[in-house]
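A.B. asks: Need a 3D model of the sequence below.
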Amino acid sequence: MRYRTRVTAPAAALIGTAAALTIGSQASAATIDGGTKGAGTPGPETLGDSVYPSLGNAGYRVSAYHLDLAYDATTKLVDGEATLRITTTQALTRLSLDALGLDIRAVRVSGRAATFEQVGEKLRITPARPLPAKLRTTICVEYGADPARALPHTAWVVTPDGFAICPQPNSAHTVFPCNDHPSDKADFTFRVTAPAGTRGVANGLLTGTETLADGRTAYSYKSREPMATELAQITVGDYVIKDRQGPNGLPLRDVVPAARAAALEPALALTPNLVQWLEARLGAFPFETYGLLPANTDKGDAFDFTGLETQTLTLYKPNFLLQPEKSIGSHMMHELVHSWFGNLVSPGNWADLWLNEGHADFYGLLYRYERGWADSIGLTTMEARMKNTYALGDQWRRDSGPVAAPNEANLFDNQRYLGGVLVLYALRQLVGESVFANIESTFLARFRNSSATTDDYIAVASEVSGQDLSGFLRDWLYGTKTPRMPGHPDWTVTPASSSLAPRKRTSGHHDNSATL
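C.D. replies: As a prediction, the model looks like this:
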C-alpha cells in the first residue's frame, strides 16, 4: 500500500487512542477502589542498566504511549500531554517517570489527580490510592517544554522553523515523561500540532489530519511496531513529504526542508537500492515505512553526530547528504542496518551497544567494499580493514575497555563500532559465511520487536553453530587482550602503549563509524 501524504479525518478519530486509554483508566480505577490503602512500596527508580543505572523504573512496564505535542511559532514553546498505559510489576505506593527540563502542570493516574514532585531527572508520582500488582492502568502528564532550554543533555534539535529530536541514548525524557530504557518497548501514537505553513511529522504512518480554527494543523501518526523511547522522532518545520516506491512495495517517505528538496533528491533516491541490498542479507524490511529526515539545520551544535536511526525515519543534517554517493552511501547503509539491529531488536542494556553499532558498520563496510569505494584510510577490502583494526585491538581495549564493557564516557568510542565489526568478522571466520548468516537471521527472528543482550547473541550463536561459542565470544567481547584471529595466524597485535594520552573525542556518537 502506498503511503499517502495527507489523509483527512474528523477530530474524534484523531483522539481515538487517547479516548481508549481513558476508558481503560476508568476501569482500572474501580480495581484500585477495592485495594488496601497503604499497601505496596515505592517503585525502584532504576531498571538496572550498567551504563545508565538511573534510567527507568522497575515497578511497572509500559505497553503504550500517546504523545500530543503542540508547537507555538511565536513563543517557540511546546505544550505536551503524554498518556502512558502501564502494567504494574508490584504493588506501588509511588512510581516515577524519567523527566528532565519539563514543566509539569498536572498528573493523573487512573483518571484521578495525583501528587507529584520533580527530583533530579525523576518525576515522582503518588497516586490517590496505592496501585496493586499486575494492575493495568494509565498515567497522564500535562506539561510544557522549551526546546532551547539549556540542560545537562537534551534530545531537542532547534531549527529556524520548529524542531526535531535526537533522543539516543538517554534523552527521550527531555521531550516526554517516560520509562526511558530500550528494554521497555511500547506502542506509540502521536498527535503533532503545527503552525500554518509548517508540517508536523512523527514515526510510523500518517493516520489523520485536522485543520484547527486558528489555522494550525494537527497531524496524527501511529507506529505499527513497538518502539524504544530512544527511537522516537517528532519534528515540526517547513517540510515537504517525498514518496517513492521501495522494494516489494515498501512505501518510502522522506521529510525534506521545502527549500532544499531538489538539491537533496540525489541522496534520497539512493534508498531503494540500499534497502534491496540489505533485504537480500537480513530479510524483509521490518517496519511499515522508511525514509530520511534532513532536519532543517546545519548548525554544528544542533546535534553531535552524522545520522541517527529514529525508527522509520533517519535523522541527518542536510549538508552531509549533498555529497557524492561514494561519500555517503556506506553511512546511509549503516543507518539503514539499524532498522534491524537496534530498532527491531533493541539493546537489553546499553552495554550491548556493540550489537547495534558493530552490525551497522559490518554491513556498511561490506557494501562500501562491494561498490569499490576506498574507506577513510585508503583500504578497499574487509580483510585489509580487519587486519588493520586487529593490530589496534589491545590499544583500544586499554583506552576504551573491552567491546561489550563500556562506561558512559566511552560508550560511543570506536570500540563499539569497528571493534564490534572485528568480533563479527572473527565469528564469521570461525563458523563460515553460511552459518554466520543463519546466526544473524535466527537472532533477529527470535528477538523481533523486543530487546536482547550480548548473552542472548552468544546463546544463539552457540545453538545455531552446534558448538559452545561462549568462551570464544566472551574472550573477544570481554577480554583485556585481543584473541588470535581464526584463519589468520600471521596477524599480529601492536602492543598497547601506556604512555599514550587518552584519546579526545572531537565529535559525537556515530561519527566514530568506519563507514564515514
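A.B. asks: quick one, what contacts residue 407?
C.D. replies: By CB atoms under 8 Å, 6 or more residues apart in numbering, the contact set of residue 407 is 51, 401. Backbone N, C-alpha and C define where each C-beta goes, glycine included.
A.B. asks: Just to be sure, it is in a helix?
C.D. replies: No. Read with DSSP: H, G, I helix; E, B strand; the rest coil, residue 407 is coil and lies in no helix.
A.B. asks: Just to be sure, residue 311 is in a helix?
C.D. replies: No. Applying three-state DSSP, one finds residue 311 to be coil, outside a helix.
A.B. asks: which stretches of the stretch 401-516 of the chain form strands?
C.D. replies: For the stretch 401-516 of the chain, strands defined by DSSP state E, counting those that start in this stretch occupy the ranges 450-452.
A.B. asks: distance of the nearest residue to residue 430 once chain neighbours are set aside from residue 476?
C.D. replies: With CB to CB, 6 or more residues apart in numbering as the criterion, residue 430 has its nearest non-adjacent residue at 4.4 Å, and that residue is residue 486. Separation of residue 486 from residue 476 (CB to CB, to the nearest Å) stands at 10 Å.
A.B. asks: And for residue 281?
C.D. replies: 22 Å.
A.B. asks: Residue 305: neighbour count?
C.D. replies: For residue 305, the tally of surrounding residues (other CB atoms under 10 Å) stands at 18.
A.B. asks: go on, the one 5 residues further on?
C.D. replies: Neighbouring residues of residue 310 were enumerated by other CB under 10 Å; the total is 27.
A.B. asks: so it touches residue 231, yeah?
C.D. replies: Yes. If you go by CB atoms under 8 Å, residue 310 and residue 231 touch, sitting 5.3 Å apart.
A.B. asks: Quickly list what's touching both of those two.
C.D. replies: 167, 203.
A.B. asks: which intervals of the chain have sub-threshold pLDDT?
C.D. replies: 1-38, 499-510 (pLDDT under 70).
A.B. asks: how does it look with 80?
C.D. replies: 1-38, 498-510 (pLDDT under 80).
A.B. asks: Quick one: residues contacting the residue positioned nearest the centre of it.
C.D. replies: Computing the C-alpha centroid of the chain and ranking residues by CA atoms, centre = their mean puts residue 231 first, at 2.9 Å. By CB under 8 Å, 6+ apart, the contact set of residue 231 is 167-168, 182, 203, 309-311, 342-343, 346.
A.B. asks: Kindly report the same for residue 452.
C.D. replies: Applying CB under 8 Å, 6+ apart, the residues contacting residue 452 are 345-348, 352, 355, 443, 446.
A.B. asks: Now, these that are in helices?
C.D. replies: Among the contacts of residue 452, DSSP state H puts 355, 443, 446 in helices.
A.B. asks: tell me which of those is nearest to residue 468?
C.D. replies: residue 443 (16.8 Å; CB to CB).
A.B. asks: where's that closest one relative to residue 453, distance?
C.D. replies: Taking CB to CB, one finds residue 443 at 11 Å from residue 453.
A.B. asks: what's around residue 323, how many residues?
C.D. replies: So residue 323, with other CB under 10 Å, has 13 neighbours.
A.B. asks: same check, this time on residue 480
C.D. replies: 12.
A.B. asks: With residue 89 instead?
C.D. replies: Per other CB under 10 Å, the neighbour tally for residue 89 reads 16.
A.B. asks: quick one, what contacts it?
C.D. replies: By CB under 8 Å, 6+ apart, the residues touching residue 89 are 58-61, 133-134.
A.B. asks: ok, now how distant is it from residue 183?
C.D. replies: 13 Å.
A.B. asks: Same check on residue 197?
C.D. replies: 40 Å.
A.B. asks: Which parts of the stretch 351-500 of the chain are helices?
C.D. replies: According to DSSP state H, counting those that start in this stretch, the stretch 351-500 of the chain carries its helices in the segments 353-371, 382-391, 393-400, 414-431, 433-446, 454-465, 470-478.
A.B. asks: buried sites along the last one?
C.D. replies: Across helix 470-478, burial judged by 16 or more other CB atoms under 10 Å covers 472-477.
A.B. asks: Let me know the closest of these to residue 154.
C.D. replies: Checking the buried residues of helix 470-478 against residue 154 by CB to CB gives residue 477 as the nearest, at 31.6 Å.
A.B. asks: Was I right to think the closest one contacts residue 423?
C.D. replies: Yes. With contacts counted by CB under 8 Å, residue 477 reaches residue 423, the gap being 6.1 Å.
A.B. asks: where do the contact lists of those two overlap?
C.D. replies: Overlap of the contact sets of residue 477 and residue 423 (by CB under 8 Å, 6+ apart) consists of 354, 403.
A.B. asks: circling back to that earlier point, among the contacts of residue 231, which lie within strands?
C.D. replies: Secondary structure from DSSP state E places residue 346 of the contacts of residue 231 in strands.
A.B. asks: Any chance of a markdown table for the contacts of residue 231, columns distance to residue 148?
C.D. replies: Conversion of those to a markdown table gives the following (distance: CB to CB, whole Å):
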| residue | distance to residue 148 |
| --- | --- |
| 167 | 17 |
| 168 | 20 |
| 182 | 27 |
| 203 | 23 |
| 309 | 25 |
| 310 | 20 |
| 311 | 25 |
| 342 | 29 |
| 343 | 29 |
| 346 | 30 |
